[in-house]
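**Q** sharing a model prediction with you, sequence too.
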Amino acid sequence: MHMMKAIAVRPGQPNSVHLAELAKPNVNQIPNGRGVLVRVLKVGVDATDREINDALYGNAPPGYNFLVLGHESFGIVEEVGSAVKHVKPGDYVTCTVRRPGGSIFDMIGRSDITSEEIYYERGINLLHGFLTEYYVDDAEFVVRMPIGLKHLHVLAEPMSCAAKAVQQAYEAQRRLQVWDPKLAFVTGAGQIGLLTTLILRLRGLEVYTFARGEAPNLKSEIVSGIGAHYVSTNQKSLKDVAAEVGRPDLVVEATGSSAIAFAAMEVLGHNGVEVWTSITGGQRTVQVPADNLNLNWVLGNKLLLGSVNANRRHFEQGIADLALGEVTYPGVIERILTTPVKGIENYKEMMRLLVEDKQALKVYVDVAEG
Ligand code: BGC
Ligand code: ZN
């Protein structure tokens, strides 16, 4: 049997990242001719992988004492089953992360909003990820990437989460009958914050994107490059900016800090929506001005919305927006892709960069040429 190398952790055991071995998958493992065998080219890692390696999050698949990491994938199709029509060998693809459980939402292709407590996510929870040499999956989950976006590779998955967050906000705001948002605050200028800023700019909103570091820096340059305003929270608070430019119609929170998620609630405008996207695996507690928040939330008919993961349609929307972003703000988005690591064997360096390199906006592994 051909074996492949993989980057794995032992969930529950802090800092257990290591090299594991897996059998090379076969296209016929997926029934009814629906298999797609993909050769992995690049895989991105993010704060979720860091939290999994810190043993704050994630579970191994049943029967394994390790979990292969990696949920931001980019690869090239090697072989397809007889029923697969939408991709063919040689196509570039990414892959969705979550797999269906048993709820009605799972059955209609919306596992991203499963109502079950247990969720199955490749590289995160109960399913192996993509940080290996090949993977096979059902055609339903394999999403084609146009060749002209090859240079944005691993951004497809974080983009899908940003696309879902924005789409859900618009969908939820139909409660207002007319909603024509003009002003958005995005907290956090990591990959989700930056990609959300892009989507909102493409929808014509004025966007203020908040992060700690003082401009100029790479984040501030990317934010200005997509026509948004970068604000360093060392210099101005959310409240300062709201006092200057008005309260936002939309807040998208993507800092990874639950404290900021609550703080941002204090600036949202009437009829506004705040979307939380951060995965905070810790146990932090904060004090909040509860009466005040409650009062203003009621008097302003405000909405707080959580958004996780993304299904196939969000991937497709995200990819379409990456394409629009490329022609609108040429050369800017790829600047997120700061920090490649060569080869699966360099897993220690991958984790070191993910944990220590504060300049790295995006660490990704160059698994193979292609
Ligand atoms: C992934 C999502 C996933 C979420 C929760 C994020 O890092 O990008 O696909 O649903 O973590 O596990
Ligand atoms: Zn992620």
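**A** Nice, thanks for sending it over. Ligands and ions are numbered 1, 2, ... in the order given.
**Q** only C-alpha atoms from now on, for both contacts and neighbour counts.
**A** Fine.
**Q** which residues of the stretch 251-370 of the chain lie near ligand 1?
**A** 308, 309 (C-alpha under 6 Å from any ligand atom).
**Q** smallest distance to ligand 1 belongs to which residue of the stretch 251-370 of the chain?
**A** Proximity of the stretch 251-370 of the chain to ligand 1 (C-alpha to the nearest ligand atom) peaks at residue 309, 3.5 Å away.
**Q** quick one: pLDDT of that residue?
**A** For residue 309, the pLDDT comes out at 98.
**Q** start the count at 44, not 1, going forward
**A** From this message on, residue numbering opens at 44, which makes the last subject residue 352.
**Q** that one against residue 204, yeah?
**A** Yes. Between residue 352 and residue 204 there is a contact under C-alpha atoms under 8 Å: 5.4 Å.
**Q** those two: who's more crowded?
**A** Shown here are residue 352 and residue 204; by other C-alpha atoms under 10 Å, residue 204 has more neighbours (24 against 21).
**Q** which residues touch the more buried one?
**A** Neighbour list for residue 204: 235, 350, 351, 352, 353, 357, 358 [criterion: C-alpha atoms under 8 Å, 6 or more residues apart in numbering].
**Q** ok, residue 248 next?
**A** 224, 225, 226, 227.
**Q** give me the mean pLDDT for the helix or strand where the last one lies.
**A** When secondary structure is defined by DSSP states H and E, residue 227 falls within strand 226-230. Rounded to a whole number, the mean pLDDT of strand 226-230 is 99.
**Q** same check, this time on stretch 81-98
**A** Rounded mean pLDDT across stretch 81-98 is 97.
**Q** flag every buried residue along it.
**A** By 16 or more other C-alpha atoms under 10 Å, the buried positions in stretch 81-98 come out as 81-89, 91-98.
**Q** next: stretch 176-190.
**A** In stretch 176-190, the ones that count as buried by 16+ other C-alpha under 10 Å are 176-188.
**Q** now, the most widely separated pair of those?
**A** With C-alpha to C-alpha as the measure, no two of these lie farther apart than 176 and 183, at 20.7 Å.
**Q** filter the buried residues of stretch 81-98 down to the ones near ligand 1?
**A** Counting by C-alpha under 6 Å from any ligand atom, the members of these that reach ligand 1 are residue 91.
**Q** which of the buried residues of stretch 81-98 fall within helices?
**A** Judged by DSSP state H, helices contain the following of the buried residues of stretch 81-98: 91, 92, 93, 94, 95, 96.
**Q** spatially nearest residue to the second one (excluding sequence neighbours)?
**A** When the adjacent residues along the chain are set aside, residue 92 lies closest to residue 112, with 6.9 Å between them (C-alpha to C-alpha, 6 or more residues apart in numbering).
**Q** pull the number of nearby residues for residue 118.
**A** Neighbour number of residue 118 under other C-alpha under 10 Å is 31.
**Q** would you confirm that it belongs to a helix?
**A** No. Residue 118: not assigned to a helix; according to DSSP: H, G, I helix; E, B strand; the rest coil it is strand.
**Q** so it touches residue 83, yeah?
**A** Yes. Using C-alpha under 8 Å, residue 118 is in contact with residue 83, at 4.3 Å.
**Q** re the thing from before, closest to residue 138 among the contacts of residue 204?
**A** Closest to residue 138, out of all of those and judged by C-alpha to C-alpha, is residue 358, at 8.6 Å.
**Q** alpha carbons only: can I get the one helix or strand that closest one maps to in CSV?
**A** Residue 358 belongs to helix 355-371 when assigned by DSSP H and E. This file holds the C-alpha atoms of helix 355-371, laid out as CSV (Å, rounded to 0.1, in the frame of the first residue of the first chain):
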residue,chain,number,x,y,z
ARG,A,355,-20.6,25.0,-1.4
ARG,A,356,-22.6,28.1,-2.5
HIS,A,357,-20.6,30.3,-0.2
PHE,A,358,-17.4,29.0,-1.7
GLU,A,359,-18.8,29.8,-5.2
GLN,A,360,-19.8,33.3,-4.1
GLY,A,361,-16.4,33.8,-2.4
ILE,A,362,-14.6,32.7,-5.5
ALA,A,363,-16.7,35.0,-7.7
ASP,A,364,-15.8,37.9,-5.3
LEU,A,365,-12.1,37.0,-5.4
ALA,A,366,-12.3,37.3,-9.2
LEU,A,367,-14.2,40.6,-9.0
GLY,A,368,-11.7,41.8,-6.4
GLU,A,369,-8.8,40.9,-8.7
VAL,A,370,-10.1,43.1,-11.5
THR,A,371,-11.2,45.9,-9.1
